[in-house]
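> need a 3D model of the sequence below.
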Amino acid sequence: MLILASWCVFYYPALDLKDPLLEHYTNIIVSELSTEEKEDIVNLPEEHLIDLHFGLGLYIRNKWLWNNAAPELIAYMKSHGITHEDNMSGVISYLVWTKLYEDLTPEDQKKVNKTRKNKTLKYQIMRRDLDKYLGPVPKKNGQKENNK
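Numbering: from 1, shown residues only. Coordinates of the predicted model:
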């Protein structure tokens, strides 16, 4: 599974994730989130960030991208090869997730790391149990079987 952070860095290596323009929009979103929403987002394991697509991502697309309400943000993204609104909102969602983590104390970061690890483990167990019941997902075009 390709995770969002790898996607950002791999497909858009010239994108400066610490750019002041991106930080500006990231800070706006973070300031609008409730404490509960922040906790839910920061506790997501990285490989589950796609879960933000129809919540936070949709909010970002509605707020700034689909109605051209943030032309400087759109122009910046396009100048870095990010032309689709889904990908643009994915970058901002990733930056929100990163900022929420970076703003935690080291003690709280340890707690979040443990929560993320437990969520990943629970997903792996659920997937294994589902594979036992339904059989493994068929692989396409020479993909390796999942040996977990």
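
> tell me what the longest helix anywhere in the chain is packed against?
Secondary structure of the chain per DSSP state H: the longest helix is helix 106-134. Counting contacts by 3 or more CB pairs under 8 Å, 6 or more residues apart in numbering; DSSP states H and E, helix 106-134 packs against no other helix or strand. Placement of C-beta: from N, CA and C, glycine included.

> what distance separates it from the centre of its chain?
Remark: helix 106-134 is offset 16 Å from the chain centroid, using CA atoms, centre = their mean, to the nearest Å.

> state the phi and psi torsions of the most centrally placed residue in the chain.
Centre of the chain computed as the mean C-alpha position; nearest residue by CA atoms, centre = their mean is Leu49, 3.4 Å away. The phi and psi values for Leu49, taken as degrees, to the nearest 10, are phi -60, psi -20.

> from memory it sits against Val96, does it?
No: contact status for Leu49 versus Val96: not in contact, 9.8 Å apart, counting by CB atoms under 8 Å.

> got a pLDDT number for the residue lying farthest from the centre of the chain?
Largest separation from the mean C-alpha position in the chain: Tyr133, at 29.7 Å (CA atoms, centre = their mean). Note on Tyr133: pLDDT of 84.

> distance of it from Ala69?
Going from Tyr133 to Ala69 by CB to CB, to the nearest Å gives 46 Å.

> how about stretch 107-125: buried residues?
Residues of stretch 107-125 classed as buried: 112, 116 (neighbour count, 16 or more other CB atoms under 10 Å).

> pull the CA atoms of that stretch into CSV?
Output of stretch 107-125 as CSV, limited to C-alpha atoms (Å, rounded to 0.1, in the frame of the first residue of the first chain):
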residue,chain,number,x,y,z
GLU,A,107,5.5,12.4,26.1
ASP,A,108,2.3,12.9,24.1
GLN,A,109,4.1,11.9,20.9
LYS,A,110,5.0,8.6,22.6
LYS,A,111,1.4,8.0,23.5
VAL,A,112,0.3,8.8,19.9
ASN,A,113,3.0,6.4,18.5
LYS,A,114,1.6,3.6,20.7
THR,A,115,-1.9,4.4,19.6
ARG,A,116,-0.9,4.4,15.9
LYS,A,117,0.9,1.1,16.3
ASN,A,118,-2.1,-0.5,18.0
LYS,A,119,-4.5,0.7,15.3
THR,A,120,-2.2,-0.7,12.6
LEU,A,121,-2.0,-4.0,14.4
LYS,A,122,-5.8,-4.2,14.8
TYR,A,123,-6.2,-3.5,11.1
GLN,A,124,-3.7,-6.3,10.3
ILE,A,125,-5.5,-8.8,12.5
